[in-house]
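**Q** Next come a sequence and a model predicted from it.
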Amino acid sequence: MTRFIVFASGKGGVGKTTLTTNLGAAIHKFGKDVIVVDGNMSTPNVSVLLGMPKLPVTLHDVLAGKAKAREAVYLHPSGLKIMPAGLGISQMKMSQKKQLAHVLNEFANQTEYMLIDCAAGLGQEAMQAMHAGDELILVTNPEIHAMTDALKAYEYAKEIGIRPIGVVVNKVRNKEWEMTKKNVEEFIELPVIGMIPEDDNVKRSIAYKKPLVYAYPKSPAARAIKRLAASIIGEDYRMLEPETFGETILRLIGF
Amino acid sequence: MARKKKVAVLLSAGAAKGFAHLGVLKALEEHNIPIDLIIGTSMGSLVGACYSIVPKADYWIKKLAEVTPLHLFDLNDFKINPRGLMTGNSLQHYIEKHLGISTFRDTIIPLIINSADLVSNKSVKFTRGKISDAVRASGGIPLIFDVVRQKNKLLVDGFVIDPIGIKWLKGKYDLVIVVNVNTANDNLITEKSNAFDILLRSVELMQRELVHEKIKCLNNAVLIEPNMNGLRYTDFHRAKEFVERGYAAGKKVIKQIKKYL
């Protein structure tokens, strides 16, 4: 059974693409078969983040009916599979003959997880990507405007009948002006399944064109992402790597 | 389980037989075996360069099936030259224009190209600069191609010293996949064979023994030798058949490979 999980935020720049690719890499680390789909058709970035910008066949060709879906899946040296969208402006103008949901359905039962990175906003593109998913993860930042946009995306998802898994709060710095976990849960009325700290290693890993969880596996953000991956696939995080002494203490006293 | 296993792939020299490398890579790709390093020599360097830039075997199979000997050996290439019959310019042009391969900076999988220097009598590696230059230096078969001059080096085909470039395998790898297409099992040598065939077979045997000898120092190597029955070094127009042979050979050893991962 393949799980189609779509990542939406409403607002742009909250870190959807980075989170989606790294979550894919983390789930792959647990030994699962994952494909990360770049559903962001006008400004795709998944392939750039992983250092694979010059790929010949992309999702655009598949949607235009010029190639088969299989031809647009690439194996990254880290073992993660990606389905990139075309970077060029000519590809953006290609006429679309197929729906994304229709294309992705070909992979049903052939892989374990399909992670779909959605476009920012709630335009045609984002909606198309949302239709391709069965489950939704809302990505947001601990600021009020990111939260309102996420709420809007959530309401749209409810309308089309996607099951929400929860909210991931990204780029958390634990400052007093930020919204807390409790605030977010009250505002969106969904459980917060992950708080990813703001971490310079994320930007460093992008420069090195490697997923963060492979480049800096022990950085705070990578740990948070791996823990999130474990909770999504229902595995024990400690299976991947033993927790540190500090983490054990925190867990025992109930944090 | 936390650490990702590292896999290196060594692609041997072997002119048209090197198309079989693509078949092996396709088999690895189908079984989700990611590659962390490719070392290529001669034809192995061309296939390795293609795959390290776009890691999708099917794409290159389609593209390389269009190759004709004329692409690689243009008539304009023949020059009266004391060092070799051809200049190799059209090969370089083909790599850059038709295949769209530019520099080492574009590679997704780290790539090392192996060549041989006749001045210092040592292997030479390429890891930066233009890939077409490196492939040209690595594929400069003596007599057929002009030697490549670089500073105080005279570069010829890498197979002369080391057909798989094992010298450049530095660091720790959990698995080393060696693809040797110089298997000398093509059944083409008979009493009627001409001098060219006999020369090629002699070189092939030398290479095969060299590969077998060199990989003895590795304890985690898997050797893949596709069956080349009925196929010659010069059959550039039969790319698809080579790919199939490589694919079949790759499929056979998948179980053995998975043991290491």
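**A** That came through fine. Numbers count the residues shown, from 1 in each chain, chains lettered A, B, ... in the order given.

**Q** residues in contact with stretch B:92-109?
**A** Stretch B:92-109 is contacted from outside by A:51-52, A:54, A:76-77, B:35-38, B:46, B:49-55, B:63, B:67, B:71-72, B:111, B:126-136, using C-beta atoms under 8 Å, 6 or more residues apart in numbering or on different chains. Quick note: C-beta positions are derived from backbone N, CA and C, even for glycine.

**Q** In PyMOL, how would I select just the buried ones from these?
**A** Command for PyMOL that selects the buried part of those, burial taken from 16 or more other C-beta atoms under 10 Å in any protein chain shown:
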select buried, (chain A and resi 51+52+76+77) or (chain B and resi 35+36+37+38+46+49+50+51+52+53+54+55+63+67+71+72+111+126+130+131+132+133+134+135+136)
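
**Q** Got the phi and psi for residue B:212?
**A** Main-chain torsions, residue B:212, degrees, to the nearest 10: phi -60, psi -40.

**Q** Tell me where the chain has strands.
**A** Since you didn't name a chain, this refers to chain A. Using DSSP state E, the strands assigned to chain A run over residues A:3-8, A:34-38, A:74-75, A:81-83, A:113-117, A:135-140, A:163-172, A:192-197.

**Q** was after chain B, sorry
**A** Under DSSP E, chain B gives strands at B:7-11, B:37-41, B:84-86, B:111-117, B:122-126, B:143-145, B:148-150, B:153-157, B:175-179, B:221-224.

**Q** Redo the ones you listed as JSON lines? Include distance to residue B:166 and mean pLDDT.
**A** Formatted as JSON lines, the strands of chain B follow (distance: least, C-beta to C-beta, whole Å; pLDDT from 0 to 100):
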{"stretch": "strand B:7-11", "distance to residue B:166": "6", "mean pLDDT": "95"}
{"stretch": "strand B:37-41", "distance to residue B:166": "8", "mean pLDDT": "95"}
{"stretch": "strand B:84-86", "distance to residue B:166": "26", "mean pLDDT": "80"}
{"stretch": "strand B:111-117", "distance to residue B:166": "9", "mean pLDDT": "95"}
{"stretch": "strand B:122-126", "distance to residue B:166": "9", "mean pLDDT": "94"}
{"stretch": "strand B:143-145", "distance to residue B:166": "23", "mean pLDDT": "85"}
{"stretch": "strand B:148-150", "distance to residue B:166": "22", "mean pLDDT": "89"}
{"stretch": "strand B:153-157", "distance to residue B:166": "16", "mean pLDDT": "93"}
{"stretch": "strand B:175-179", "distance to residue B:166": "8", "mean pLDDT": "95"}
{"stretch": "strand B:221-224", "distance to residue B:166": "9", "mean pLDDT": "94"}
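
**Q** Could you pull up the residues touching residue 114?
**A** I'll assume chain A. Taking C-beta under 8 Å, 6+ apart, one finds A:2, A:3, A:4, A:5, A:34, A:35, A:37, A:104, A:107 in contact with residue A:114.

**Q** ah, no, chain B please
**A** Here residue B:114 is in contact with B:39-41, B:45, B:123-126, B:138, B:158, B:162, B:164-165, B:167-168 (C-beta under 8 Å, 6+ apart).

**Q** Identify, from the residues you listed, the entry nearest to chain A.
**A** residue B:39 (14.7 Å; C-beta to the nearest C-beta).

**Q** Bridge partners for the closest one, pull those for me.
**A** Beta bridges link residue B:39 to residue B:10, residue B:112 when assigned by DSSP bridges.

**Q** Closest residue of chain B to chain A?
**A** For chain B, C-beta to the nearest C-beta, closest residue to chain A: residue B:34, 4.3 Å.

**Q** Pretty sure that residue sits against residue A:75.
**A** Yes - Residue B:34 is in contact with residue A:75 according to C-beta atoms under 8 Å; the separation is 5.9 Å.

**Q** Common neighbours of those two, please.
**A** With C-beta under 8 Å, 6+ apart as the test, residue B:34 and residue A:75 reach no residue in common.

**Q** Around chain B, pick out the residues from the stretch 51-200 of chain A.
**A** Near chain B, the residues belonging to the stretch 51-200 of chain A are A:51-52, A:54-57, A:71, A:74-79, A:81 when assessed by C-beta under 8 Å from any C-beta of the partner chain.

**Q** Dump those residues to CSV, plus pLDDT.
**A** CSV is the format used below for these (pLDDT from 0 to 100):
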residue, pLDDT
A:51, 86
A:52, 86
A:54, 80
A:55, 87
A:56, 88
A:57, 90
A:71, 89
A:74, 92
A:75, 90
A:76, 90
A:77, 86
A:78, 84
A:79, 85
A:81, 92
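
**Q** As CSV, the strands of chain B with distance to residue B:198 would be great.
**A** Output for the strands of chain B, formatted as CSV (distance: least, C-beta to C-beta, whole Å):
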stretch, distance to residue B:198
strand B:7-11, 26
strand B:37-41, 23
strand B:84-86, 19
strand B:111-117, 23
strand B:122-126, 27
strand B:143-145, 15
strand B:148-150, 27
strand B:153-157, 19
strand B:175-179, 25
strand B:221-224, 26
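
**Q** can you tell which of the ones you listed is closest to residue A:88?
**A** strand B:111-117 (24.9 Å; C-beta to C-beta).

**Q** Can you pull up the residues of the stretch 51-200 of chain B that come close to chain A?
**A** So far as C-beta under 8 Å from any C-beta goes, the stretch 51-200 of chain B lies against chain A at B:53, B:54, B:55, B:56, B:58, B:59, B:100, B:106, B:108, B:109.

**Q** farthest pair in these?
**A** B:58 and B:106 (19.6 Å).

**Q** Would you state the helices of chain B in chain order?
**A** B:20-30, B:43-53, B:57-64, B:69-72, B:89-93, B:131-138, B:195-214, B:239-260 (DSSP state H).

**Q** Can you flag the weakest of those by average pLDDT?
**A** Of all the helices of chain B, the minimum mean pLDDT falls on helix B:69-72 (a mean of 68).

**Q** Can you name the residues that contact the residue of chain B closest to chain A?
**A** Counting by C-beta under 8 Å, 6+ apart, residue B:34 has contacts A:75, A:76, A:77, A:78, A:79, B:4, B:7.
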